[in-house]
Each structure stands twice: as C-alpha cells, then as structure tokens.
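S.K.: would you be able to build a 3D model of this:
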Amino acid sequence: MLLEHSLIRRPPFGFLFLEGRAVLELAALLPAYPLLRQAPRGDGHPVLVLPAFMTSDLSTRVLRGFLRARGYAAHGWKLGRNTGPTPETVASLRRRLEDLRARYRKRVSVIGWSLGGIYARELARAFPTDVRQVITLASPFRNLDAVNVPAFLLKRRRPHPDEAALRGRLREPVSVPMTAIYSRTDGVAAWQSCVAESGPLSESIEVDSSHLGIGWHPVVLLTIADRLAQPEGVWDRFRTPKSWRWPLSAWVIASPRERGDATKALPAAQHKVGYSRPASRSRRGNLAPSSGRQTPGTGASDGSATTAVAASPMARSQPPACSACGAERWTTPLGSNRSATFGRGARSPGPCCPATG
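M.R.: So this is what the prediction gives:
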C-alpha cells in the first residue's frame, strides 16, 4: 500500500533549487530531436492538454506541438490562466471536452500538468465514456497540501465551492486507463502525492525531472507518445522500448502481487520495475528493460519482473537503500537515487520510506 495521504509532507526545501534545471530540460529538446522523431505515431484521436496552477496554454505549447507532430489532434484548454477549480472553470472544461468529442467523434485523451492533472482525473470520473485515458504530470492528487507553493500564489487560488467533497474523492481511482508520471526530485509537489494506486488500469512512472520542466522533458514526451499510441480499447503497462538507451530513463512502480512472491516483503510504493545492467556490460553500457507485461483487467504479469529482481547483479551488489524498511533501489549509471544523495549507492532513510515518514 502507498504512504497514507495524511503522512505525506512537502518536498525538502532544498529541492526548490533544483527547479532551475527546467531551462536545461527545455534546451535538451534540441539534441533529443532525432530521438523524438522516432516516437510512435498516433491515430489522430484528440488530446486535451491542461496547464498547471497559475499557467496558461503557453506552458503546454511544446507538448502540444510534439503531439501534433506525431499525428494527434492536440488542443489546449483555452481558458486563460489556471487559477483554480471555480464553477466557471469546471463548466467550461466540460464544454471543452464535449466539443472535442463531438468534433472528432472519438474519445479524448486528457493530459494534465500538476493541478491540470487533477482536472483530468475528475473529467474522467465524470465522463468515463468520453475520456480514452488520463496522463498526469507531477499532479499531487493524493494530498493537495503537500506542495511548496508561495503563500501569495495560494491566496490567488480560487477554491471549488464544494472543495471538501472534491478533496475526499481525489484519491479514488478512475475507471479509465490512468498513467501518473512523477519525479522524486520534484521541488514543488511531494512525489508520494503524485503516485497512483496500482491497479489493472493504472500505473505510476518515475522520471528524473523538475516540476517546472516535466511537461517538456524529452523522456516524458517519449513516454507520453508510447502511452497514447495504444489502440483504443487496448491498454498495457509501460515497458521501456528496447530502442531507448542511456540517458533515457524511466521507472515503473508495481504492487507485490504484480511482481511476484520475491518482493512481497517490500512496501508497494518502493517497488521499482526499471532497468537492470547485465554483468557483462560496462558501467556505461546499455540499459535493458525488465518490467513484466500485464493483460488489462487481469492484474497478471508474465513474471519477468520477478526474474529481474532475483537475477539483477545490481540487486546482489547494492546494499538496501533504506535501513528502516529494507527497500532496495536500483540505479542507472548516473544514479536514480540522486534525489537524496546526488550520486551512486544506497540512500539513507528519508521521505521515501513509510517507516520514517
């Protein structure tokens, strides 16, 4: 089970200094352009992209441009600056979804950045027959208060008239395919609040990104393209394409049931189905995906994730990442646990561990 929402705390204040890398993540689009061109093409179905708090469609222009280049009918929300879930915003979002559904006569995929992801989930909850799938980017739907947002900005947020009921249902799963993309080094929203409960139609994917730049990070764009390219009515869990090479990296959280008996002792929120480096590879060799494939609706996997846990040389050589809960963490050559140590090796107990808060 995931960390109780009431125990989720704001990200460490120091992580805010890492948000400056959003500029570097934007600049990385240029060298990543050849790889982005290899992303799978879409079937032309509409995609509605919702911006983060206090931002507008301008912030999602890169993402929408990428999606259009891959063959999708990507659209912004056309509601100006996102100041909160006011009745006017809620009503306009519903009309926007209905308009796209009627115009293309296809179900709409909805992508939301931060607060926009919360809107996306609620649209899917209210209109499951109109929404094809939901992708959230660093959206703190498990605890809206676990964020580092300046007080003067929070004062400008316009609350929902029935906000208590809204907060109560935010953590409930939606009935359409749902992918939550998050970063452990997010300086604005606590990553534990951005992770979805693992289920037959939901998954959580970790990337190494800032909060302010997650919407244009090259790895995030490739991951979104992979998720959207699935045929309507067919949904499978994310498996890193074999063509992806370092430094492209993403990890998938899975439950003990999905990973097999070998990991039953580990907390679900710490299970990482990611990359394992074969012993014959050099330190900067290729990274091979090791996640199991799941059939929608069954919750079953092919067992390859369990094999990766047992056979990975990194699992044998790396000490436990957390001395309190015993959860292990596997790293890429740059170190996927740099959110705590900014380097290789095990990390000490921290906010990732339910046992330590």
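S.K.: in PDB, list the C-alpha atoms belonging to the longest helix that the chain contains.
M.R.: Determined from DSSP state H, the single longest helix within the chain is helix 87-104. C-alpha atoms of helix 87-104 as PDB (Å, rounded to 0.1, in the frame of the first residue of the first chain):
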ATOM      1  CA  PRO A  87     -17.600  26.700 -11.000                       C
ATOM      2  CA  GLU A  88     -16.900  28.600 -14.300                       C
ATOM      3  CA  THR A  89     -13.700  26.600 -14.900                       C
ATOM      4  CA  VAL A  90     -15.400  23.300 -14.200                       C
ATOM      5  CA  ALA A  91     -18.300  24.100 -16.500                       C
ATOM      6  CA  SER A  92     -16.000  25.300 -19.300                       C
ATOM      7  CA  LEU A  93     -13.900  22.200 -19.100                       C
ATOM      8  CA  ARG A  94     -16.900  20.000 -19.500                       C
ATOM      9  CA  ARG A  95     -18.000  22.000 -22.600                       C
ATOM     10  CA  ARG A  96     -14.500  21.800 -24.000                       C
ATOM     11  CA  LEU A  97     -14.400  18.000 -23.600                       C
ATOM     12  CA  GLU A  98     -17.900  17.700 -25.100                       C
ATOM     13  CA  ASP A  99     -16.800  19.900 -28.100                       C
ATOM     14  CA  LEU A 100     -13.800  17.800 -28.900                       C
ATOM     15  CA  ARG A 101     -15.700  14.600 -28.500                       C
ATOM     16  CA  ALA A 102     -18.400  15.800 -30.900                       C
ATOM     17  CA  ARG A 103     -15.900  17.300 -33.400                       C
ATOM     18  CA  TYR A 104     -13.700  14.200 -33.800                       C
END
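S.K.: got the contact list for that helix?
M.R.: The contact list for helix 87-104 (C-beta atoms under 8 Å, 6 or more residues apart in numbering) reads 44-46, 48, 50, 73, 75, 77-79, 82-83, 107-108, 110, 119, 123, 126-127, 130-131, 158, 160-161. No exception for glycine: its C-beta is placed from N, CA and C like everyone else's.
S.K.: for that helix, what is the average pLDDT?
M.R.: Computed over helix 87-104, the mean pLDDT rounds to 95.
S.K.: flag every buried residue along that helix.
M.R.: Neighbour counts using 16 or more other C-beta atoms under 10 Å place 89-90, 93, 96-97, 100-101 of helix 87-104 among the buried residues.
S.K.: possible to save the residues you listed as TSV with distance to Ile135?
M.R.: Shown next, in TSV, are the buried residues of helix 87-104 (distance: C-beta to C-beta, whole Å):
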residue	distance to Ile135
Thr89	20
Val90	20
Leu93	16
Arg96	17
Leu97	15
Leu100	16
Arg101	18
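S.K.: quick revisit: of the contacts of helix 87-104, which belong to strands?
M.R.: 46, 48, 50, 73, 75, 108, 110, 131 (DSSP state E).
S.K.: how about these in a markdown table, adding neighbour count?
M.R.: Conversion of the ones in strands among the contacts of helix 87-104 to a markdown table gives the following (neighbours: other C-beta atoms under 10 Å):
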| residue | neighbour count |
| --- | --- |
| Pro46 | 21 |
| Leu48 | 26 |
| Leu50 | 28 |
| Ala73 | 19 |
| His75 | 21 |
| Val108 | 25 |
| Val110 | 31 |
| Val131 | 25 |
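S.K.: wait, which of the residues you listed is closest to Pro34?
M.R.: Nearest to Pro34 among these is Ala73, at 24.8 Å by C-beta to C-beta.
S.K.: the closest residue to the closest one other than its chain neighbours: what's it in contact with?
M.R.: Nearest-residue entry for Ala73: Pro46, 4.4 Å, with adjacent residues in sequence omitted and distances by C-beta to C-beta, 6 or more residues apart in numbering. Counting by C-beta under 8 Å, 6+ apart, Pro46 touches 72-75, 100-101, 103-104, 106, 108-109.
S.K.: same thing but 6 Å
M.R.: Residues in contact with Pro46 (C-beta atoms under 6 Å, 6 or more residues apart in numbering) are 73, 100, 104, 108.
S.K.: roughly how far does Arg10 sit from Tyr33?
M.R.: 36 Å (C-beta to C-beta, to the nearest Å).
S.K.: what helix or strand does the closest residue to Leu212 other than its chain neighbours sit in?
M.R.: Once flanking residues are discounted, Leu212 sits nearest to Ala22: 3.9 Å by C-beta to C-beta, 6+ apart. Per DSSP states H and E, Ala22 falls inside helix 22-27.
S.K.: fine by me, we can end here.
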